[in-house]
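Student: Predicted model, plus sequence, below.
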Amino acid sequence: MSPDVLAVAEHRRGELRDVSYELLTAGRQLADATGGDLHVAVIGGDTESFAEELDREGVDAIHTVSEGEEFNHDVYVQAVEALHGELDPQVVLMPNSVNGLDYAPAVANRLDLPLATDAVDFEYDDGLTVTREMYGSKVETTVEVGGDQYAVTIRGAEWPGAEGVGDADVAEFDADIDTDTGSTVTGFEEVGGGDVDISEADFIVSIGRGIEEEDNLPLIEDLVEATDATLASSRPIVDSGWLPKNRQVGQSGKVVTPDVYLAIGISGAVQHVAGMKGSDTIIAVNTDPNAPIFDIADYGIVGDLFDVVPELIEEFE
Ligand SMILES: Cc1cc2nc3c(=O)[nH]c(=O)nc-3n(C[C@H](O)[C@H](O)[C@H](O)COP(=O)(O)OP(=O)(O)OC[C@H]3O[C@@H](n4cnc5c(N)ncnc54)[C@H](O)[C@@H]3O)c2cc1C
């Protein structure tokens, strides 16, 4: 076994996802603690340009596996297993994404590794301790992971993305993939039919049940336009069918990390906060001065959104 860390990058529709850069930061943190190197695997798609983008400060080696364009369960499992056989790293880090949670358990099973999912932090000191959050981020737990080699999936937006330019060794890795497998990716369809990825937005205007009815959406859309923001919401808005599922922020929606999160008529339930607490600046508009959203807001306006929003629009215009 080597003290190295192997981080598996993620891409979609020709682009690396943010979590790939976050994996580099998390991987470096862990490799510093184990005293090993940080290896990165990128599997499928335009591996050559992905490798260039992943070559950031702190990365020691990048292994490209050229097989397929998009994510495929069987390819990823075989590639990570083969790389593990070659490198024998102490830790395999994968994203706690839909894709990551698809192949990570199979990788752990094949390699007989303990799997700790949804890590928001970890410590290594002759053994791995992983921090996880429960009950909508209300409770933090630390899990001592048994054994001496581990598989871990990390939660998105918990580590900053790695920056800078690195000088990693980049090499093609022949994972000897058997493509005669059970699963085939036939296409990609965005849930909710929208083309907006709120997790990439810098300025989010987010609405909650305080807007009362669907007919009040145009008022918010005017604010979105005036501020050049991206529209998102709490779950009840999606459950009511007023916005598609891909706009939902929270535990069962998306995790967002914009520069500014403007929460309008949102109470700040733990399941909502789980998805937006990483925002740089949180501004809340709510009639109830005791609404929990004010506990995490940087700026708060206690007031009726039907008074406040028109004033904000006027101000921005
Ligand atoms: C397993 C599970 C998963 C969940 N996942 C999610 C999730 O991913 N995302 C999510 O958001 N929720 C999620 N929920 C639901 C969550 O518990 C809350 O019910 C939800 O977040 C509340 O949404 P809200 O703040 O819009 O509505 P409410 O809690 O009803 O709050 C509305 C707020 O608007 C304010 N208000 C009312 N009128 C006005 C006005 N005129 N002007 C200004 N303010 C006004 C009120 O004071 C209140 O604070 C989940 C729940 C469960 C059980």
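Tutor: Okay, I see it.
Student: what kind of secondary structure is the nearest residue to E123 once chain neighbours are set aside in?
Tutor: Nearest non-adjacent residue to E123, counting by Cβ to Cβ, 6 or more residues apart in numbering: T129, 4.8 Å away. (Each C-beta comes from the backbone N, C-alpha and C, glycine too.) Under DSSP: H, G, I helix; E, B strand; the rest coil, T129 falls in the strand class.
Student: T129 reaches F122, doesn't it?
Tutor: Yes: between T129 and F122 a contact is recorded at 6.4 Å, counting by Cβ atoms under 8 Å.
Student: quick one, which of those two is more surrounded?
Tutor: Taking other Cβ atoms under 10 Å, T129 and F122 do not tie; F122 has more neighbours (23 against 15).
Student: helices or strands next to the strand or helix carrying that one in the packing?
Tutor: F122 is part of strand 121-124, with elements assigned from DSSP states H and E. With contacts taken as 3 or more Cβ pairs under 8 Å, 6 or more residues apart in numbering; DSSP states H and E, strand 121-124 sits against helix 18-34, strand 128-134.
Student: so how far is that strand from its chain's centroid?
Tutor: The chain centre lies 18 Å from the centre of strand 121-124; the measure is Cα atoms, centre = their mean, to the nearest Å.
Student: and if you look at stretch 49-56?
Tutor: Using Cα atoms, centre = their mean, the offset of stretch 49-56 from its chain centre is 19 Å.
Student: What parts of this protein come near the ligand?
Tutor: Within the chain, the residues that sit near the ligand (Cβ under 6 Å from any ligand atom) are 208-210, 234-236, 248-253, 265-267, 269, 271-272, 275, 285-288, 291, 304-306.
Student: Of those residues, which count as buried by neighbour count?
Tutor: 208-210, 234-236, 248-251, 253, 265-267, 269, 271-272, 275, 285-286, 291, 305 (16 or more other Cβ atoms under 10 Å).
Student: out of those residues, which are inside helices?
Tutor: Among these, the residues falling in helices (DSSP state H) are 235-236, 271-272, 275, 305.
Student: In a markdown table: those, plus pLDDT.
Tutor: Formatted as a markdown table, those follow (pLDDT from 0 to 100):
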| residue | pLDDT |
| --- | --- |
| R235 | 96 |
| P236 | 96 |
| Q271 | 92 |
| H272 | 96 |
| G275 | 92 |
| L305 | 98 |
